[in-house]
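>>> Sequence first, predicted model second:
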Amino acid sequence: MADVKRRPLMAGNWKMNLNHLEAIALVQKLAFSLTEKQLEEVEAAVLPPFTDIRSVQTLVDGDRLLIKYGAQDLSAHPSGAYTGEISGAMLAKLGCSFVTVGHSERRQYHNESDALVNAKVKAALANEITPILCVGEGLDIREKGEHVEYTLAQLDGGLAGLTPAEVEKVVVAYEPVWAIGTGKTATPEDAQEVIGAIRAQLAKTQGESTAQAVRVLYGGSVKAGNVAAIMAQPDIDGALVGGASLDADEFTRLVRLGL
Ligand SMILES: O=C(CO)COP(=O)(O)O
């Protein structure tokens, strides 16, 4: 099944950076720099803070841009008394294509468990938004050599109760915590080791054709300078980019190198 073609995805997780005016400026620059052909070949998405999304929607719709956008989190609940939370339906109404779920910063600072992450994956799918399920180990786990089993347990937890047809709609992002924002990229071989294991686990739990259809991204200190070697690995279908996605020129180069 080596010849299965998965469309590369470059997603920029802005984290808590850039206000709505800065968001408009950045998306305009990206749209100006990337050709229609490039955006057909490589799917490019920005994931701004919630407060920017309406402005990005207006720009993307108004100028019919091919750039996709989404959010960094959503509530597990459909509506109700959950002060401060944002529902999947609200994001769908804003035209969001993607939402990251279970990012390590949310697992760490907001104590998100695999069960909550699983509920959020289901909430995204219920609203026809593609969840980008983030998994990955911390340095202590890596040093113990338990990174593969740890990451696969997060994968199984995040996908619990989904049918293979639903799993096909999910994007998985492997982000080793020790490589996030540290400048320490996993080597392409390190990334492939775990991402290959993710695909093998998907084959075991969901069947081979689902495993071949799911896009799996790498994240952690990805830059234009190291993305090509990462993308050259057989099971890596794109990148979830933090810091480097805040610079239009750098993210443009990354998208162009995403083939
Ligand atoms: O967490 C990340 C993307 O979600 C990675 O962040 P950096 O690219 O800044 O290391």
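That came through, no problem. Numbering: from 1, shown residues only.

>>> and the stretch 101-250 of the chain, which residues reach the ligand?
Contacts of the stretch 101-250 of the chain with the ligand, taken as C-beta under 6 Å from any ligand atom, map to 103, 175, 180-181, 219-222, 240-244. Bear in mind the C-beta positions are built from the backbone N, C-alpha and C, glycine included.

>>> Just give me the closest of those to the ligand.
Gly242 (2.2 Å; C-beta to the nearest ligand atom).

>>> any idea how far that closest one is from Tyr109?
For Gly242, the distance to Tyr109 (C-beta to C-beta, to the nearest Å) stands at 15 Å.

>>> Which one of these two is surrounded by more residues?
Legend: neighbour count by other C-beta atoms under 10 Å for Gly242 and Tyr109, higher for Gly242 (22 against 9).

>>> contacting residues around the closest residue to that one other than its chain neighbours?
Closest residue to Gly242 apart from its sequence neighbours, by C-beta to C-beta, 6 or more residues apart in numbering: Asn13 at 5.3 Å. Residues in contact with Asn13 (C-beta atoms under 8 Å, 6 or more residues apart in numbering) are 47, 72, 100, 103, 219, 240-242, 245.

>>> separation between Asn13 and the ligand?
Asn13 is 4 Å from the ligand, where distance means C-beta to the nearest ligand atom, to the nearest Å.

>>> For Glu85, which residues are in contact?
Counting by C-beta under 8 Å, 6+ apart, Glu85 touches 75, 77.

>>> okay, it: pLDDT?
Model confidence at Glu85, given as pLDDT, is 98.

>>> Just the buried positions in stretch 93-110, please.
94-107 (16 or more other C-beta atoms under 10 Å).

>>> what about Leu9, neighbour count?
Counted by other C-beta under 10 Å, the residues lying close to Leu9 total 24.

>>> Also Ala115?
Using other C-beta under 10 Å, Ala115 has 12 neighbouring residues.

>>> and if you look at Asp140?
Asp140, neighbours per other C-beta under 10 Å, totals 11.

>>> Could you check which helix or strand contains it?
helix 139-143 (DSSP states H and E).

>>> Can you mark which positions in that helix are buried?
141-142.

>>> Same check on stretch 118-131?
Neighbour count says stretch 118-131 has 118-125, 127, 129-131 buried, by 16+ other C-beta under 10 Å.

>>> nearest residue to Pro188 other than its sequence neighbours?
Using C-beta to C-beta, 6+ apart, the closest residue to Pro188 is Ala229 (4.6 Å).

>>> circling back: what mean pLDDT does the helix holding Asp140 get?
93.

>>> Give me the contacts around it.
Residues contacting helix 139-143 (C-beta under 8 Å, 6+ apart): 147, 150, 176-178.
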